[in-house]
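Trainee: Build me a model:
(4 chains)
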Amino acid sequence: MIRFVYLGKLADAAGKSESQIASSSGDLDWPDILALLDDHVREGLADAVRDKRVKVALNGEVLADREGIVARHGDEVAFLPPVSGG
Amino acid sequence: MIRFVYLGKLADAAGKSESQIASSSGDLDWPDILALLDDHVREGLADAVRDKRVKVALNGEVLADREGIVARHGDEVAFLPPVSGG
Amino acid sequence: MRDIRLLTEMFIPGTLIGPFTQANPGLGGVCTFVGEVRYDEGVEALELSHYEPLTLPGMHALADRAFERFTLMGLLMVHRVGVLRPGEPIVCVSAAALHRRDAIDAVDFCMDHLKSAAWFWKRQLRAGEWHWIEPRDDDHRDLARWQS
Amino acid sequence: MRDIRLLTEMFIPGTLIGPFTQANPGLGGVCTFVGEVRYDEGVEALELSHYEPLTLPGMHALADRAFERFTLMGLLMVHRVGVLRPGEPIVCVSAAALHRRDAIDAVDFCMDHLKSAAWFWKRQLRAGEWHWIEPRDDDHRDLARWQS
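Mentor: Model prediction:
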């Protein structure tokens, strides 16, 4: 299993705050993840995540290059939109 | 009477925190005041007050031009050395 | 003395600041900022969500940077999460130092970074509906002040 | 809400800040600075003298400038005079505003001016003798920050 976590307004776009994704198909790269978001979570979610301002954390570490992600069984991937102003 | 008030270290130079000066001789200008400080209060006090950083207040108003002062009967003249740092 | 916390319940800043000040004997000054949820027209509540694996470590990393950048004796940084009502305190940052400049600047630095670089997402309840709050340009300007 | 005072007796900042915060409902943030007499090596006491006809009006004039320069809801400015022991609070400035930048900057502004432009003369008691404290260059630098 791989866990996806949606923060802030991405939780609205996903319709939930997290999903469990079966990782039977092996490791997931950035295109795999975008495809899964649209196909298995909610249509349009991939576009919301493609927004350059959305950061991605793998197991609690924010990735400098989100497109270089490789998510494996047991990993947690969090999608972090820009934080709110004051 | 004219009242002189010595603040901060000028109180040390004067040996007291204030003096009453008889104004029988009429109004006092800046040279009169300096002479009185040395002659009637303490030798050397006029020099301490001549320090450019010393400001003079007449009845609670700091004078922009201390040398233009005219002190009359009933006035209070305060000698204010630079205030202390933190 | 370093005290970094995320709180899920209402807190009273005075109950934190008194003990914090006592815990830093010999200080020259303490600067404290308390932010409260404003009574903005029509806002019934504010919800702060966060991402546990990032938020608290992020606050600790910010405290590390404040200790590196300023000469501090102590730093208190407390942030609420969850649902807050107008008037409730949302953040309290207090810095104790020998000199006032370090104390004031450390609070200013932590607040600027907490507001725009920390992992909080906020939404407001207005007329029974939740609305997300977007990032503000002001906050980016505030942050840019420290990039030297 | 404006509260400007010279105090001749020891005070506890928390007892001022709580009511001050309560007196400004709807605020977004409160920034507070409390300065205490430091435990400097060998210093037994600090005496602040002032010139009554200038000191309090000077603090009010400073408050006026702070209200002109920043968007404030309230300002508390309390300063001790007389003989203080190390550890005692000497000054407390608190500003309440809708936005944090106004609150923090107003406190910073008032402290810089209180320290070097207000009519206080200080001397320290060391080994039984009083020594006057001279003006510091730092304070002039701090003040220069606001001359724009």
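Trainee: for chain A, what spans make up the strands?
Mentor: Ranges of strands in chain A, per DSSP state E, are A:2-6, A:18-21, A:28-29, A:55-58, A:61-62, A:70-71, A:76-80.
Trainee: would CSV of the ones you listed with distance to chain B and mean pLDDT be doable?
Mentor: Where you see a C-beta, it was placed from the backbone N, CA and C, and this is true even at glycine. Listed next are those as CSV, based on distance: least, CB to the nearest CB, whole Å; pLDDT from 0 to 100:
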stretch, distance to chain B, mean pLDDT
strand A:2-6, 49, 96
strand A:18-21, 53, 93
strand A:28-29, 59, 94
strand A:55-58, 43, 96
strand A:61-62, 41, 94
strand A:70-71, 55, 96
strand A:76-80, 43, 97
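Trainee: Can you pull the residues of chain C lying near chain B?
Mentor: Listed as neighbours of chain B in chain C under the rule CB under 8 Å from any CB of the partner chain: C:R100.
Trainee: repeat that for 7 Å
Mentor: Within chain C, no position is near chain B by CB under 7 Å from any CB of the partner chain.
Trainee: What segments of chain C are strands?
Mentor: Going by DSSP E, chain C shows strands at C:2-7, C:29-36, C:43-50, C:74-80, C:82-84, C:89-97, C:120-126, C:129-132.
Trainee: Which one of these lies nearest to B:E61?
Mentor: Of all the strands of chain C, strand C:29-36 sits nearest to B:E61, with 32.3 Å by CB to CB.
Trainee: Which strands border the closest one, and is each parallel or antiparallel?
Mentor: Paired neighbours of strand C:29-36 in the sheet (DSSP bridges): strand C:89-97 (antiparallel), strand D:29-36 (antiparallel).
Trainee: hmm, back to that, kindly state which of the strands of chain A is positioned closest to D:D142.
Mentor: Per CB to CB, nearest to D:D142 of the strands of chain A: strand A:61-62, 37.4 Å.
Trainee: Who are the packing partners of that closest one?
Mentor: Judged by 3 or more CB pairs under 7 Å, 6 or more residues apart in numbering or on different chains; DSSP states H and E, strand A:61-62 has no packing partners among the helices and strands.
Trainee: That one pairs with which strands, parallel or anti?
Mentor: With DSSP bridges as the test, strand A:61-62 is paired with strand A:55-58 (antiparallel).
Trainee: Same question for the strand it pairs with: list its buried residues.
Mentor: A:K55, A:V56, A:A57, A:L58 (16 or more other CB atoms under 10 Å in any protein chain shown).
Trainee: Find the nearest non-adjacent residue to the third one, please.
Mentor: Spatial nearest neighbour of A:A57, excluding adjacent residues (CB to CB, 6 or more residues apart in numbering or on different chains): A:A78 at 4.2 Å.
Trainee: hang on, the earlier thing: could I get the strands of chain C in a markdown table, plus columns for mean neighbour count and mean pLDDT?
Mentor: Converted to a markdown table, those look like this (neighbours: other CB atoms under 10 Å in any protein chain shown; pLDDT from 0 to 100):
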| stretch | mean neighbour count | mean pLDDT |
| --- | --- | --- |
| strand C:2-7 | 15 | 95 |
| strand C:29-36 | 26 | 97 |
| strand C:43-50 | 18 | 94 |
| strand C:74-80 | 23 | 97 |
| strand C:82-84 | 16 | 97 |
| strand C:89-97 | 25 | 97 |
| strand C:120-126 | 19 | 93 |
| strand C:129-132 | 13 | 93 |
